Structure formats: structure tokens, C-alpha cells
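S.K.: Below are the sequence and a predicted model for it; my questions follow.
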Amino acid sequence: MVELSLWLVGRRKRIRIVGPSMAPLLRDGDEVLVDPHVYRRTTPQPEEVVLAQHPYRRDLKLVKRVEAVLDRDHYKLCGDNPSESSDSRAFGAIPRSHILGRVTSIFTKGVEE
């Protein structure tokens with residue numbers, strides 16, 4: 001409930017997942033809330049799910065898991081579904097400045113029969 005309140009007052013961003021790169025955790029059509037302010041006071045850690053700017057396409061945002069911290073300013077991001085994910089295995093480590101926030105809540109799309 002707190003996360004929804006924070007979204008209503010503009011402290012969280014709502015993002016819709018497109019594609020299967022983070023399955024089974026996140027599926028196409030699921031929605032997440034992202035805290036865009038969390039990394040002002042801390043740094044991304046392995047296993048956190050983050051929103052990041054694609055390193056070569058300014059129009060594309062990625063939701064990926066931090067797999068490794070390579071140094072203070074570069075991170076290896078990977079999808080949970082490697083065969084369906086464009087991530088650091090394809091484009092390399094990304095700088096800290098490309099990490100836009102941490103996923104705080106997941107809203108799954110209902111299963112359709």
C-alpha cells in the first residue's frame with residue numbers, strides 16, 4: 001500500500017514489462033514500480049532488479065537483474081531468461097549513470113485461460 005501511495009505522489013515510476021527477458025519473475029504485460037531516487041543514497045547491489053537506460057538506444061529502457069558490480073562505476077546486467085534477453089552479454093557492462101532506479105513492486109498480469 002505504501003508503494004502505491006508513493007506512486008500516486010510521484011515518488012515511483014510505473015513501467016510495463018515488454019517481452020520475456022525477465023521470465024519467470026516478470027512476464028510480458030506485468031507492471032512494476034521503480035524507485036528513481038534510491039541510488040542517490042546507496043549503490044546497486046548484485047541480485048537487485050533495476051531499470052536501466054540501454055547503452056546504445058536512448059529510446060529503450062531495460063528491466064534487468066544486477067549480476068555483478070565490476071568496479072565502482074560499471075555493472076553487469078542480465079535478464080533472468082538468457083535465451084530471450086538482450087543484456088550485458090551482448091552490450092557489455094553499463095556505467096552507473098545508466099541505472100535509473102530499483103524495482104520495488106511487481107504487479108503481475110492475470111493468467112488468461
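M.R.: In hand now; what should we look at? Numbering: from 1, shown residues only.
S.K.: low pLDDT regions in this protein?
M.R.: In the predicted model of the chain, residues 110-113 satisfy pLDDT under 70.
S.K.: which residue ranges form the strands in it?
M.R.: For the chain, the strands defined by DSSP state E occupy 13-16, 31-35, 49-53, 61-71, 74-78, 94-95, 99-107.
S.K.: And these: which comes nearest residue 43?
M.R.: With C-beta to C-beta, the closest approach to residue 43 among these belongs to strand 61-71: 7.6 Å. Every residue, glycine included, has its C-beta placed from N, CA and C.
S.K.: Who does that closest one pair with, and is each partner parallel or antiparallel?
M.R.: The strands beside strand 61-71 in its sheet (DSSP bridges) come out as strand 49-53 (antiparallel), strand 74-78 (antiparallel).
S.K.: Would you mind reformatting the ones you listed (as JSON lines) and adding columns for distance to residue 94 while you're at it?
M.R.: Output for the strands paired with strand 61-71, formatted as JSON lines (distance: least, C-beta to C-beta, whole Å):
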{"stretch": "strand 49-53", "distance to residue 94": "6"}
{"stretch": "strand 74-78", "distance to residue 94": "6"}
